[in-house]
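**Q** how would this look folded up:
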Amino acid sequence: MSETQTQLPGNLPHSNREGWRRLEVSITTELEDALDELAVEEERAPEDIIGRAIALYGIRSKASRNGKHVGIASGSEALETEITGF
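**A** Numbers count the residues shown, from 1 in each chain. Reported below is the predicted structural model:
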């Protein structure tokens, strides 16, 4: 893995949840639908999608503090789309 790549948490086995804590949150039906859709598309549990989202948020936050940008590129060129608004 290159310096510019960061490994996000993988799909944790559902039978091994040692060390996990339960957190109850309220979300809109739209957010629930989006989460369910992502879980199906990625073949992951909703809690894995949330874990990856939090990890990505942390990566973006650290990059921003270091004067870097996070976004989408068509390759190794300049960013095509910058992700902002966090």
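**Q** can we go C-alpha only for contacts and neighbour counts from here?
**A** Fine.
**Q** now for the top helix by length along the chain, which elements pack on it?
**A** Ranked by residue count and defined by DSSP state H, the top helix of the chain is helix 46-65. Counting contacts by 3 or more CA pairs under 8 Å, 6 or more residues apart in numbering; DSSP states H and E, helix 46-65 packs against helix 29-42.
**Q** Which residues belonging to the helix it packs on are considered buried?
**A** By neighbour count with 16 or more other CA atoms under 10 Å, helix 29-42 contains the buried residues 35, 36, 39.
**Q** host element of the residue in the chain sticking out farthest from the centre?
**A** Most distant from the centre of the chain: residue 77, at 22.5 Å, with distances by CA atoms, centre = their mean. When elements are assigned from DSSP states H and E, residue 77 belongs to no helix and no strand.
**Q** pLDDT value on it, please?
**A** We have a pLDDT of 73 for residue 77.
**Q** quick one: it from residue 59, how far?
**A** 20 Å (CA to CA, to the nearest Å).
**Q** Contacts only, for residue 49.
**A** 35, 38, 39 (CA atoms under 8 Å, 6 or more residues apart in numbering).
**Q** Then residue 47?
**A** Counting by CA under 8 Å, 6+ apart, residue 47 makes contact with nothing.
**Q** From the centroid of this protein, which residue is nearest?
**A** For the chain, the residue nearest the mean C-alpha position is residue 53 (2.4 Å; CA atoms, centre = their mean).
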